[in-house]
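1. Here is my input, please return the structure:
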Amino acid sequence: MTPLRIGHGYDIHRIVPGRPMILGGVRFDTDYGLDGHSDADALTHAICDALLGAAALPDIGHFFPNTDPAFKSIDSQILLQRVIAALRERGWKPVNIDASLIAEKPKIYPRLAEMKSALAASTGLPVDCIGLKATTNEGVDEIGRALAIAAHAVCLIERI
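-> Numbers count the residues shown, from 1 in each chain. Have a look, this model is predicted:
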């Protein structure tokens with residue numbers, strides 16, 4: 001069995017009024033947030049899927065279904081910690097994560113260091129093993145019109 005594996009994850013959520021905006025485990029001071037069953041942290045969900053995919057496991061919805069009231073409004077950092085535990089139970093650990101957020105609003109760049117710290121705390125990775133980037137969609141489609149936020153993530157895992 002190969003000692004290293006790569007995974008990719010993607011998530012997107014609509015922006016709605018009256019919900020908290022949480023990205024990468026960091027709460028933004030806005031009057032809008034992302035629609036979803038959990039806290040709708042699109043970045044953390046993409047990272048979860050990348051880690052699960054690298055281990056050839058089902059996606060985040062399999063482990064934490066949006067039909068289960070136990071996950072209603074749950075902090076996605078808890079979900080990420082559970083994903084890390086599931087990997088470890090199967091003999092894997094993360095090596096690094098690289099992710100991109102695509103959003104017109106809120107401004108992400110000023111909060112990237114906080115997000116990296118929160119993700120490091122949840123994964124056990126050093127901050128310098130987590131790459132985060134933020135970009136816009138240049139006015140194209142629902143993301144570009146500030147109606148949604150998307151995230152892509154890749155990760156490397158290794159055998160323990």
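2. tell me the secondary structure for the residue nearest to the spatial centre of the chain?
-> Closest to where the C-alpha atoms of the chain average out (CA atoms, centre = their mean) is Thr44, at 1.5 Å. Classification of Thr44 by DSSP: H, G, I helix; E, B strand; the rest coil places it in helix.
3. now Lys133
-> With three-state DSSP as the criterion, Lys133 reads strand.
4. and the residue nearest to the centre of the chain, what does it touch?
-> By CB atoms under 8 Å, 6 or more residues apart in numbering, Thr44 lies in contact with Leu23, Gly24, Gly25, Ser76, Gln77, Leu79, Leu80, Leu119, Ser122. C-beta: built from backbone N, CA, C; applies to glycine.
5. Could you check how far it is from Arg5?
-> Plainly put, Thr44 is 20 Å away from Arg5 if you go by CB to CB, to the nearest Å.
6. Then Gly24?
-> Using CB to CB, we find Gly24 at a distance of 23 Å from Arg5.
7. For the longest strand along the chain, what is the distance to the chain centroid?
-> For the chain, the strand with the greatest residue count under DSSP state E is strand 4-17. Mean C-alpha position of strand 4-17 versus that of the full chain (CA atoms, centre = their mean, to the nearest Å) differs by 6 Å.
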